[in-house]
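Student: I need the structure of the sequence given here:
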Amino acid sequence: MTHFRVATWNLDHAYNCSRPKQLQIDQLLEYKPEIMVLTETCEQVDLTQHGYNVVYPKSRNGYGKYWSSIWYNENAFFIKEIETANSEVAVCAQFDTALGKLNIYGTIIAYRDFMVKQGAKPWTEHYKSIQWHGVDWLRVSQLEPNVPLLVAGDFNQTRDQSNRYSTSEGINLLSEALAQSHLVCLTEENFGKSGKLKVDLKKGKPRANIDHICVSKGVFSVVQVGAWDHFNGDGIYTSDHNAVFVDFDYKSR
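Tutor: Residues are numbered from 1 along each chain as shown. Predicted coordinates for the structure are as follows:
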């Protein structure tokens, strides 16, 4: 092993009629992360036969599935689960890895129109979600200050200055929440412009990335930051989100 790979991908309410689970699994196995945070997933997207184990949140969501999950292979040894502020939305666990001990926090930050049908204004629940996440990240980071924290999942926010799915208030709130826990976001580049995401032929442009990986600042060296598309080589949609991954130099800590 020359690097340690962490990935995150939203599977778009996995195992529905338009998202073939085997094609999702095929893409995940192609990139072979040591640890992956999968969001909007379910038990039918099963990687156990491919050498992975999983930590799910305590509660299922309203669809009977899981908002988040943490999958890990033989290069990450599970130590313990860590309680989160919302056991339906977020999951956290500690692992022993080639990078040393590492707390992994997987989650979804509320999307723009969450609760709008119930009278909320667009983005207001997104802002609230960032605030409670920030408090929770700080709490987890202070439990064992010597153990780095990695936060990954669907943040429902572009952070590449494209403004395709974000507001300045939301970007600032999230930046402040990350900073107070000494976290840095590693996935803020425009993956379409850098050529890491292909043009979606049905829409005429690459997807805007809203899924992110953040890690304790100044702890690890990054080998590369990458992404894969929300469709496979045959152009079949496998999700409505692209995935992102980070390769860490396992000798860097």
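Student: Give the buried residues for stretch 51-62.
Tutor: For stretch 51-62, a neighbour-count test (16 or more other Cβ atoms under 10 Å) marks Y52, V54, V55, Y56, P57, N61 as buried. (Each C-beta comes from the backbone N, C-alpha and C, glycine too.)
Student: These: which two are farthest apart?
Tutor: Taking Cβ to Cβ, the two most distant members of the buried residues of stretch 51-62 are Y52 and N61; they sit 21.3 Å apart.
Student: any idea which of the buried residues of stretch 51-62 is the one closest to K193?
Tutor: Here the nearest of these to K193, counting by Cβ to Cβ, is Y52; it sits at 32.4 Å.
Student: State the mean pLDDT of stretch 42-49.
Tutor: Here the mean pLDDT over stretch 42-49 is 94, rounded to a whole number.
Student: oh sorry, the question was meant for stretch 28-39
Tutor: 97.
Student: For it, buried residues please.
Tutor: Along stretch 28-39, these residues count as buried under the neighbour rule (16+ other Cβ under 10 Å): L28, P33, E34, I35, M36, V37, L38, T39.
Student: do the same with stretch 139-151
Tutor: Along stretch 139-151, the positions that meet the burial threshold by neighbour count (16+ other Cβ under 10 Å) are V140, S141, V147, P148, L149, L150, V151.
Student: So the second one sits against S181, correct?
Tutor: It stands for S141. Yes - when contacts are counted by Cβ atoms under 8 Å, S141 is listed as touching S181 (4.6 Å).
Student: Overlap in contacts, these two.
Tutor: Listed as contacting both S141 and S181 by Cβ atoms under 8 Å, 6 or more residues apart in numbering are L149, S216.
Student: Can you tell me how far V135 is from Y250?
Tutor: Computed with Cβ to Cβ, to the nearest Å, the distance linking V135 and Y250 is 31 Å.
Student: the more surrounded of the two?
Tutor: When neighbours are counted by other Cβ atoms under 10 Å, Y250 comes out ahead of the other of V135 and Y250, with 20 against 14.
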